[in-house]
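Asker: predicted model follows, preceded by the sequence.
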Amino acid sequence: MNQVVYSSGDVLKRTTVKDILAAIDAEIARLKQVKTLLSASGAFVAKRKPGRPAKVASVEAPKVQKARKRCKMSSEARERIRRAQIKRWAALKETPKAKKKAAKAA
């Protein structure tokens with residue numbers, strides 16, 4: 001038989017390849033049992049479907065704070081903003097005319 005020597009801490013241990021393979025097979029069998037139990041309880045999704053993932057009852061989404069409501073602007077404030085914007089538009093309209101007049105005068 002093939003023997004394998006390995007160190008476990010300060011102690012040298014001997015084992016056979018057959019024992020190692022038996023231990024691996026036992027571990028595989030145990031993992032298959034765990035997989036079966038998890039898939040039976042619904043916590044394990046075997047195949048991913050297209051689209052948004054389904055909700056899982058055991059996992060809760062973190063709570064998100066609601067956005068603060070915006071303060072309502074008074075009608076006087078809106079009117080001041082409107083007048084200021086009209087002045088800006090008027091300044092933009094006057095600029096090309098002033099450039100044309102300056103070009104004709106020169």
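Answerer: All right, it came through fine.

Asker: strands of the protein, start to end?
Answerer: 3-8, 11-16 (DSSP state E).

Asker: tell me the mean pLDDT over stretch 90-100?
Answerer: Stretch 90-100 carries an average pLDDT of 75.

Asker: of all the strands of the chain, which one is nearest Leu92?
Answerer: Within those, the stretch nearest Leu92 is strand 3-8; the backing value is 83.8 Å (C-beta to C-beta). In short, each C-beta sits where N, CA and C put it, glycine included.

Asker: low-confidence stretches in this protein?
Answerer: Judged by pLDDT under 70, the chain has its weakly predicted residues at 1, 41-47, 55-62, 96-106.

Asker: how does the protein divide up, domain by domain?
Answerer: With domains defined by automatic domain parsing, the chain comprises 1-45, 75-106.

Asker: a markdown table for those domains, including distance to Lys66 and mean neighbour count?
Answerer: Formatted as a markdown table, the domains of the chain follow (distance: least, C-beta to C-beta, whole Å; neighbours: other C-beta atoms under 10 Å):
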| stretch | distance to Lys66 | mean neighbour count |
| --- | --- | --- |
| domain 1-45 | 31 | 10 |
| domain 75-106 | 25 | 9 |
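
Asker: may I see the ones you listed arranged in a markdown table, with distance to Arg68 as well?
Answerer: Below are the domains of the chain laid out as a markdown table (distance: least, C-beta to C-beta, whole Å):
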| stretch | distance to Arg68 |
| --- | --- |
| domain 1-45 | 37 |
| domain 75-106 | 19 |
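
Asker: output the strands of the chain in JSON lines; the columns should cover distance to Ile81.
Answerer: Listed next are the strands of the chain as JSON lines, based on distance: least, C-beta to C-beta, whole Å:
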{"stretch": "strand 3-8", "distance to Ile81": "79"}
{"stretch": "strand 11-16", "distance to Ile81": "83"}
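
Asker: tell me which stretches of the chain form helices.
Answerer: With helices called from DSSP state H, the chain shows them at 17-41, 75-105.

Asker: out of the ones you listed, the one nearest Val11 is which?
Answerer: Among the helices of the chain, helix 17-41 sits nearest to Val11 (C-beta to C-beta), with 16.6 Å.
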